[in-house]
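>>> okay, predicted coordinates and the sequence, questions at the end:
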Amino acid sequence: MVDPVEALLEQALARAPTPEAEAVYQAHDSALTRFAASAVHQNVSEHDATLRVRLVDGARTGVASTNRLDDEGLRDVVARADAICRRAAVHPDPSPLPEPASARVPAELGLAIATRDASPVLRAAGARAVIDAGRAAGLEVSGAFLTETNAIAVANSRGLRQSHRGTQAKLLTVMMGDDGRSGYAQATASDVGDIDAAAVGEEAATRATAMAHPIDLEPGDYPVILDHYAVQVLLEYMAYDGFSAQALEEGRSFMQLGERVMGDAISIWDDGLDPSGLPSAIDYEGVPKRRVDLVTRGMATGVVHDSATARRAGVSSTGHGLPAPNPWGPLGWNLFMAGGSTPRAQLASGIRRGVWVTRFHYLSTVHERRAIMTGMTRDGTFLIEDGQLTRPLRNLRFTQAIPEAFSAVAAISRETRLVAAEYSGINARVPALRLDRFAFTGATASEGAG
Amino acid sequence: MNDLLQRALDVATGSGAAYADARWVSRGTESLVVKNGALEGAESSTSEGIGVRVLVDGAWGFAGSARLEASAVEQVAREAVAIARASAVARGTPVQLDDTPPAVATFRTPLSEDTFAVSLDDRLAILFDADREMSGQAEIVSRRGHIDAGREHKIFVSSSGARIEQHLSETGAGLEVTAANQGEAQRRSYPQSNGQHVTGGFEAIRALDLAGNGRRIAEEAVALLSAPQCPAGEMDLVIDSSQMALQVHESCGHPIELDRVLGMEASFAGTSFLTLDALDHLQYGSEVVHIDADATAPGGLGTFGFDDEGVPAQNVPIVSAGRFVGYLTSRETAPLIGRRSMGSSRASGWNVIPLIRMTNVSLRPGSAGSLDDLIADTRDGLFVSSNRSWSIDDRRLNFQFGTEIGWRIRNGRLAEMVRNPTYTGITPRFWGSCDAIAGPEAWTLWGVPNCGKGEPMQTHRVGHGAAPARFRGVQVGVGQW
C-alpha cells in the first residue's frame, strides 16, 4: 500500500510545470488542556496538515501552500506557485534545491505512541495532580498540559525523499499565593509517560511556598545561579541572532569563528538526532540534521546552515533550514549545553551574597552584535547569603551581554535537564550555571500601582 | 458551508452541549520580500477549516479540523463535547455567557484597491525602487523590503441563532536596513520596525512612499555606527508615534485584557496590575492621558464588524483623563464585572479558540501641536524613534524599551544623534509623568501584526493609534555599554 503522504508529494512533483520542484508536507495534531484558578478553563484539540510547493525555473522561484489536500487543492497550490514563479524577478544568485542524502534518517526518532494517543482524560488527570499539589500548599494553580504529534515529509525533483514524525508532551505550572508567593515548574519529553505530574506540582509548590514575603534587592552586579529554566531561554535567544550563519554573514552575530567568545567551561551544540532532546531528524528542506558544535570550551566553532547560507559559505547544509521562502536564515532548535561537575545543590556554596534565578520572563535582545539582552526574573528568585538561599526576592530586571556573563563561569551543575521553550520550539538540554557577575539593572514595583 | 456549520451545531447540542458555536474560516495571504536587490521570497498561502466550541455542564470544549466533509465536521463536534466533558475532572465555576443578542449580519472591510489584484510586477517595482535607494554605501550589509496582503472570509453561527459573515482585508509593507563595521551593527526601519499594516487596500501601500524614505534610513543606519552611545540618567523623554504605539500595547493593551486579570494567562505571559479593584478608581496616568479601544476605527488592523463570539465592534473608553475605566472583555468574562462584552474576543484562525485580544487600543491625540512643536517646547531631553527591543514584567509594571535611533534635545532643537537608546519605568509612574501629547496632525493608527498570546500561542493583528508624547524624568541609557 502506498503511503498517502508519499503519494501526495509525488503527485505534487508530477504536476510541477517547472524544471525543478519541492513539496513539503507538515502535519500537526495537537491537544492542550489549560488550567487557571485551580480549574480547567480551556481544553482544545487541533488537526491540520499543510502542503507547501516550491517551484524553481532557473533563477525564478515561486512558493505556495495550502491545507486543502484533495485534488482541487493540489491543482490550486501548484497553479499559485507557478503564477508567482512565472512573474518572479530573476534571482542573481539562486540557491539550488538540496541533493538527496546517502541514507534516509530515522523517520520515527522521538515518536512515542503514548503521546500520540493521549486522551483529554489523561491530560485532565495530569492537570488534576498538579492542582492537588498546589491546593495542598494553599496556592492558586495555573498551567497547561500539551500533547502533540508533528510530521514532516519532503520530496524534491532531485530525488530527495525524507520524512520524520515525532511527539512532544509538556506540562508546566505557575502557582501563586498571598504574600508574593509564586513558583514555576515544567517537564517535557517525547513520551508523555515520562512526565510525572505530581512531581511537577510538588516542585512548583515547594518553590512558591519558599517565595513568601519577598524583599527588595538593590539593583547591581551580583554573583548569580541560573537554574535550568533560565539557561534555556538565554540559549534560545542566542539561537536567533548568534548561532545562525546568516546573522554571522550580516555582522549581527556575537560569534567570531575561531575566537574565544565564552569561558573555557562552556560548550554548546545543536543535535537534532540526540534522543535525550526532542529529536527532529530533518529540516524543512529535507536535509538530515547534523550535530553542529557551536561553542567548544569557550571558542566559537560553528554556526548552523541551510542550503542558501551553506552555498554562499562553500560548505554543506547542516540541516537547519526553515520553510521556503526564508529570508530569515537558518535556525538551530535542538540545543545542548555540556554539564559540569558540581551537584546543582552545591552551586551556591561559597557565594557570600548573590541571586538565585529560577526563570526569566519576556526576554528581548537589546543589541544583537553583543548579545545584550534584557528581561525579568519570575516565579522563584532568591537571595543567596553565605552559600544559602536565605530570602525570596521581588523580581529583578537584568540588562546583560550574555557571552560576557558566560565568560565568568564559576561552576556548572552536573545535572542537565530538557527544557521546552514557551512557544518557539527551540528546546534545550542544559545544566544550571553559577556566574561570577550578572547585571541587574532594575526591580519591579513592590506594590501593584507602584 | 452554512449547512455544514448548522450540522456541527446540531451534533454538538444533540450530544449534550448547552451552547455551541461554529466558525468556518478561509484565510489567504501573499507576501513578497526583496532582499539585497533580489526577490528573496514570494509566497501565496491558504488555510481553511472549521472550529467548534461547546459548553457542556458549564465547561468549555473546542476542536478544529481542516477536513470539511460532513462526517469530519460531525466528528469535530463530538470531539469538542468529549473534551468539554473531560474538563469536569477539574472544573471551576460554571461558565455563564452574557446576554449579547444573537446577530444576523455581514461585514466587509472598505478598500479602494485590492492588494491581491495589484500585479506582481507593480508590487515588486515598489520594492526594487526602495531597495535601490537603500543601496550604495559600503557599510550596508542587509537591505530588506516587504509587501504583505491578507484576506479572511469567515462565517460564525451559534446555537443561540447568530449568523455572521465577514470579509476582512489587510495589507502592509516596510523597509529595514542594517549597517555593520568591525565592531558594531545598527538597524533602521521605515515606517516602523515590522512596517505598517492596516485593514484596507493597496492605497495604503502607495501612500507610504517607501522609495522616498529608503536613502534616509540607510544614511541613518550608517551614521549610527559612529554615533555616541545614548547617555545614562534621568531625562525628559519625547517618544515618536510608532514607539508610543508599542508603549501602549505593552503597558496598557495587555494589562486591560480581563482574562489576564482573572488569571487565565498566569502560566504563560502572566497577570495584570490592573486588578478588579482598580476599575474606575486607579489613576493610571496624568490627566492628559485618554485611551480607548476602538474596533470600528477606519483602517485599523484591529478593525472588524463582529468579534469571534458574534459581538458587534465597539469603541469603549479605557483611560479617561488618566483614570482607568474599562477592560477588554468577552462574553464569559464581562458578566463578572457586571457588564456586557465590548467585543474583543478574537481567534487567530479556525483552529484555535477566541481569546480576549486587543482591537485598536489607542492613545488619543493631545493639544501639543506637531512633533516639532513638542521638541521646541522641551529644553533638554532625548527624542527616541522606532522600536528595537521590548520587555515587561509578568504584571505589566516594570518595562524596558530600546529604539533604533535617538537624538539629544537641547534648547528646543534636535542635537546630536545617539545610538542604542533605551528607557525603563514602572507603568503608572511613567504614564503619570506624561505632560504633553502632540495633536491630531501627528497622530497615526499603527498596526502590530505579531501580537502573541495564549497557549497554544495565537499570533494576532491589532492596532494602536498614537501621537508623539513627552514624559518627564525618565531613566534612559540602561545597562553597561
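That came through fine.
>>> and chain B, what are its domains?
Following automatic domain parsing, chain B resolves into domains at B:2-225, B:233-476.
>>> now do the SS call for A:Thr115.
Here A:Thr115 is helix, with the state taken from DSSP: H, G, I helix; E, B strand; the rest coil.
>>> wait, what's in contact with the closest residue to it other than its chain neighbours?
Closest residue to A:Thr115 apart from its sequence neighbours, by CB to CB, 6 or more residues apart in numbering or on different chains: A:Thr167 at 3.7 Å. Bear in mind the C-beta positions are built from the backbone N, C-alpha and C, glycine included. Residues in contact with A:Thr167 (CB atoms under 8 Å, 6 or more residues apart in numbering or on different chains) are A:Gly110, A:Leu111, A:Ala112, A:Thr115, A:Arg116, A:Thr147, A:Glu148, A:Thr149, A:Asn150, A:Ser190, A:Asp191, A:Val192.
>>> and stretch B:331-350 with chain A, contact?
No. Applying CB under 8 Å from any CB of the partner chain, one finds stretch B:331-350 separated from chain A by no less than 8.9 Å.
>>> list the buried residues of that stretch.
Residues B:331-336, B:339, B:341-350 are the ones in stretch B:331-350 that count as buried (16 or more other CB atoms under 10 Å in any protein chain shown).
>>> host element of A:Thr358?
Secondary structure assignment for A:Thr358, by DSSP states H and E: strand A:353-367.
>>> that older thread, ok, then the element right after the helix or strand encompassing the residue nearest to A:Thr115?
In this structure, A:Thr167 is located in strand A:161-176 according to DSSP H and E. Next in sequence after strand A:161-176, counting helices and strands by DSSP H and E, comes strand A:182-189.
>>> quick check: mean pLDDT of that following strand?
On average, the pLDDT along strand A:182-189 is 98.
>>> equivalent analysis for stretch B:20-29, please.
For stretch B:20-29, mean pLDDT is 98.
>>> contacting residues for B:Ala180?
A:Glu250, A:Gly251, A:Arg252, A:Arg369, B:Glu139, B:Val141, B:Gln186, B:Leu225.
>>> tell me which entries of those lie within strands.
With DSSP state E as the criterion, strands contain B:Val141, B:Gln186 from among the contacts of B:Ala180.
>>> sitting in helices, which of the contacts of B:Ala180 do you find?
B:Leu225 (DSSP state H).
>>> who wins on neighbours among the contacts of B:Ala180?
Using other CB atoms under 10 Å in any protein chain shown as the neighbour criterion, B:Gln186 leads these with 28 neighbours.
>>> find the nearest non-adjacent residue to that residue, please.
B:Leu224 (3.8 Å).
>>> distance of the one you found from chain A?
Relative to chain A, B:Leu224 is positioned 12 Å away (CB to the nearest CB, to the nearest Å).
>>> what about that residue, neighbour count?
22.
>>> what pLDDT does the model give it?
On the pLDDT scale, B:Leu224 gets 98.
>>> likewise for A:Glu236?
98.
>>> same check, this time on B:Gly473
Here the pLDDT value assigned to B:Gly473 is 98.
>>> cool, and A:Pro327?
86.
>>> residue contacts, residue 255?
This is for chain A. By CB under 8 Å, 6+ apart, the contact set of A:Met255 is A:Gly242, A:Phe243, A:Ala247, A:Leu248, A:Val261, A:Leu294, A:Ala300, A:Val303.
>>> to clarify, I was referring to chain B.
Contacts of B:Pro255 by CB under 8 Å, 6+ apart are B:Val261, B:Ser272, B:Phe273, B:Leu274, B:Arg395, B:Arg396, B:Thr427.
>>> just give the closest residue to the last one, not the sequence neighbours.
Spelled out, that is B:Thr427. Per CB to CB, 6+ apart, closest to B:Thr427 is B:Ser251, 4.5 Å.
>>> quick revisit: and the strand holding A:Thr167, what's buried?
Using 16+ other CB under 10 Å as the test for burial, strand A:161-176 gives A:162-176.
>>> coming back round to it: tally up the residues packed near the residue nearest to B:Thr427, please.
Neighbours around B:Ser251, by other CB under 10 Å: 24.
>>> next helix or strand past whichever strand or helix holds B:Glu152?
Assigned by DSSP H and E, B:Glu152 falls within strand B:140-158. Next helix or strand after strand B:140-158 toward the C-terminus (DSSP H and E): strand B:163-180.
>>> strand partners (parallel or antiparallel) of that next one?
Strand B:163-180 pairs in its sheet with strand B:104-108 (parallel), strand B:140-158 (antiparallel), strand B:185-190 (antiparallel), strand B:196-199 (antiparallel), by DSSP bridges.
>>> re the thing from before, the contacts of A:Thr167 in strands, which ones?
A:Thr147, A:Glu148, A:Thr149, A:Asn150.
>>> what's the pLDDT at the second one?
Meaning A:Glu148. Looking at A:Glu148, its pLDDT reads 97.
>>> who touches it in this structure?
Here A:Glu148 is in contact with A:His28, A:Asp29, A:Ser30, A:Ala31, A:Thr115, A:Thr167, A:Gln168, A:Ala169 (CB under 8 Å, 6+ apart).
>>> next: the third one.
Residues in contact with A:Thr149 (CB under 8 Å, 6+ apart) are A:Ala27, A:His28, A:Asp29, A:Ser30, A:Leu111, A:Thr115, A:Arg116, A:Arg165, A:Gly166, A:Thr167.
>>> just among the residues you listed, which is most surrounded?
Highest neighbour count within the contacts of A:Thr149: A:Thr167, with 26 neighbours (other CB under 10 Å).
>>> in stretch A:118-125, what's buried?
So, applying 16+ other CB under 10 Å, buried residues of stretch A:118-125: A:Ala118, A:Pro120, A:Leu122, A:Arg123, A:Ala124, A:Ala125.
>>> ok, and of those residues, which contact chain B?
Among those, proximity to chain B is found for A:Pro120, A:Arg123, A:Ala124, A:Ala125 (CB under 8 Å from any CB).
>>> isn't the first one up against B:Ala80?
No. No contact is recorded between A:Pro120 and B:Ala80 when judged using CB atoms under 8 Å, the distance being 10.3 Å.
>>> shared neighbours, those two?
Common neighbours of A:Pro120 and B:Ala80, using CB under 8 Å, 6+ apart, are A:Ser45.
>>> could you tell me the per-residue confidence at the residue in the stretch 101-250 of chain B that chain A sits nearest to?
Scanning the stretch 101-250 of chain B for the residue nearest chain A gives B:Ala180, at 3.0 Å (criterion: CB to the nearest CB). On pLDDT, B:Ala180 comes in at 95.
>>> and it, how far from B:Arg346?
39 Å (CB to CB, to the nearest Å).
>>> check A:Ala189 too.
For A:Ala189, the distance to B:Arg346 - CB to CB - is 33 Å.
>>> which helix or strand contains residue 75?
Assuming you mean chain A. Using DSSP H and E, A:Arg75 sits in helix A:71-87.
>>> that was the other one, I meant chain B.
helix B:70-86.
>>> ok, B:Ala368 next?
B:Ala368 is part of no helix or strand when elements are defined by DSSP H and E.
>>> skipping adjacent residues, who's closest to A:Met238 in space?
A:Met238 sits nearest to A:Ala371 (CB to CB, 6+ apart), 6.0 Å away.
>>> am I right that the residue nearest to B:Thr427 is in contact with B:Phe430?
Yes. Assessed by CB under 8 Å, B:Ser251 is found in contact with B:Phe430 at 7.2 Å.
>>> name the residues contacting each of these two.
Counting by CB under 8 Å, 6+ apart, the residues touching both B:Ser251 and B:Phe430 are B:Phe399.
>>> which strand or helix spans B:Pro449?
Using DSSP H and E, B:Pro449 sits in strand B:444-453.
>>> quick one, that strand and strand B:163-180 angle?
With axes from the mean of the first three to the mean of the last three CA atoms, to 10 degrees defining the directions, strand B:444-453 sits at 100 degrees from strand B:163-180.
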